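**Q** My questions concern the predicted model and sequence given below.
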Amino acid sequence: MSKIATPGAVRGTQDIYGEAEERFAQVVTSFDRIRKLYGFKGLILPAIEPTAVFARSLGETTDVVSKEMYSFADRGGDSITLRPEFTAGIARAYITGGWQQYAPMKVAAHGPLFRYERPQKGRYRQFHQIDAEIIGAAKPTADVELLVMADHLLDELGIKDGVTLNLNTLGDAESRDAWHAALLEYFGDHRGALSEDSLRRLETNPLRILDSKDPDDRGICHGAPKIDAFLSHAAQDFFGAVTAGLDAAGVAWQRNAQLVRGLDYYRHTAFEFITDRLGAQGTVLGGGRYDGLIEQLGGKPTPAVGWAAGIERLAMLLNQWDISPLAIAIVAEHPEREQACIKLTARFRKAGFCAEQFVSGSPRKRYDRARKASPAILIALDLRDGAATQSLNRLDGGYARGNEAEALFAAHDFA
Ligand code: ATP
Ligand code: MG
């Protein structure tokens, strides 16, 4: 007989199960709770978009567009891309759906994203994000609201310690152009020491060099001109309002004048929540203002701001998460009590108890397996000398719904 070879999982993808899934689910559940508190409506969007949605908005010279996208021609010959991020797709939906009428629009999304990256801890080819955006809001109060929500979420997840909000401004178009020229000159002078990638960035977009992960590049970036020297008054005021809002809300932040984002569409506020607990993959949440994006995609000029966070990275940081402990184990010790066991288990589940039935394997072993599952309550159904018997045993004296379970058991019709 020939042995069948099992295809492996695609490199950079994960099968998430057990504790990893529980951590992952905790992040999503907490996000859903918090975003509702802040009035963000859920949004479910396609995982595939026309390639132009990303190519046009993220910037041709960004890592994502130049080397990380999963793009392919579909059977009809259209160029399709598996979404590498949420923002551009949300902007596309905003325009094509005519959602201007809802502005300012607060939306939240989560789901899988795809980037052809070198897989390592905290970096995958299919990964997942939670994402929050406010579209059609020009004022810095929107930036503040999003940052307060992000901070609140990290607090809710119990991972705020050791995570620092790094904040920067990229200025308005005027500030950015002046800074761009100064960076071009500075990096031009250091061209000999730049990595090959950054030499290319020097030609296409010198701002991108500031986002380089190459250690030598990082050293040179240290001495690069800072945006502050080029900020217009309007840009300074905007940034001042953001920091004042954060201070008022009690959100700790740290200025990081080196911070640029990996995508080209950002203006004014740019931020990352960074931890030292995840090695090189230390950015757990990042975002900023992208006032130019919707226009770039063919919509009316629309100010907007948002952030996204990697679910896997947040999940790795968790110290505690919800699990549903087994409340009630019900054992059919005698094969003839199996139907009664199924009926009683269903009854408890419908009453909102986490319950499990033990009706397979040798009758002797069923009881042992039920005990091993550490339920708060163990119920045994037996048949002795032709008579049905049932007993309830409270194993966890502290179980809050114990009396309720006993009452249900006492009132149950075992016939
Ligand atoms: P990095 O600098 O780590 O590559 P990025 O700037 O490309 O991150 P964004 O596009 O801003 O990241 O995405 C926001 C968040 O999504 C990141 O902070 C991170 O938590 C997560 N993320 C991004 N790429 C990946 C990936 N390949 N695998 C897992 N998580 C990721
Ligand atoms: Mg990246």
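**A** Ah, there it is. Ligands and ions are numbered 1, 2, ... in the order given.
**Q** okay, CA-based contacts and neighbour counts for the rest of this
**A** OK.
**Q** what sits against residue 275?
**A** Residue 275 makes contact with 162, 163, 164, 282, 283, 284 under the criterion Cα atoms under 8 Å, 6 or more residues apart in numbering.
**Q** Those also near ligand 1: which ones?
**A** 283, 284 (Cα under 6 Å from any ligand atom).
**Q** Any quick PyMOL command for the buried ones out of the contacts of residue 275?
**A** If you want just the buried ones from the contacts of residue 275 in PyMOL, going by 16 or more other Cα atoms under 10 Å, the selection is:
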select buried, resi 163+164+282+283+284
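**Q** number of nearby residues for the residue in the stretch 101-250 of the chain positioned nearest to ligand 1?
**A** Taking Cα to the nearest ligand atom, ligand 1 has its nearest neighbour within the stretch 101-250 of the chain at residue 123, 3.4 Å off. Residue 123 has 18 neighbours, counted by other Cα atoms under 10 Å.
**Q** What residues are bridge-paired with residue 105?
**A** residue 135 (DSSP bridges).
**Q** Tell me which other helices or strands the helix or strand of the chain at the bottom of the mean pLDDT ranking touches.
**A** Lowest by mean pLDDT, DSSP states H and E among the helices and strands of the chain is helix 63, with a mean of 80. The helices and strands touching helix 63, judged by 3 or more Cα pairs under 8 Å, 6 or more residues apart in numbering; DSSP states H and E, number zero.
**Q** The residue of the stretch 101-250 of the chain closest to ligand 1 contacts residue 115, correct?
**A** No. Residue 123 is beyond contact range of residue 115, at 9.4 Å (criterion: Cα atoms under 8 Å).
**Q** can you list the residues of the stretch 251-400 of the chain near ligand 1?
**A** 261, 262, 281, 283, 284, 285, 286, 308, 309, 310, 313.
**Q** SS state for the residue lying closest to residue 390 once chain neighbours are set aside?
**A** Leaving out its chain neighbours, the residue that sits closest to residue 390 by Cα to Cα, 6 or more residues apart in numbering is residue 381, at 4.5 Å. At residue 381 the chain is in strand, as set by DSSP: H, G, I helix; E, B strand; the rest coil.
**Q** ok, how many other residues are close to residue 381?
**A** Neighbours of residue 381 under the rule other Cα under 10 Å: 22.
**Q** thought it was touching residue 339?
**A** No. Taking Cα under 8 Å as the definition, residue 381 is not a contact partner of residue 339, at 10.4 Å.
**Q** What's the mean pLDDT across the helix ranked longest in the chain?
**A** Determined from DSSP state H, the single longest helix within the chain is helix 19-37. Helix 19-37 shows an average pLDDT of 98 in the prediction.
**Q** contacts for that helix?
**A** With Cα under 8 Å, 6+ apart, helix 19-37 has contacts from 41, 108, 110, 130, 132, 149, 152-153, 156-157, 311-312, 314-316, 318, 321-323.
**Q** Of those, just the buried ones, PyMOL syntax please.
**A** A single PyMOL command selects the buried members of the contacts of helix 19-37 (16+ other Cα under 10 Å):
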select buried, resi 108+110+130+132+149+152+153+157+311+312+314+315+318
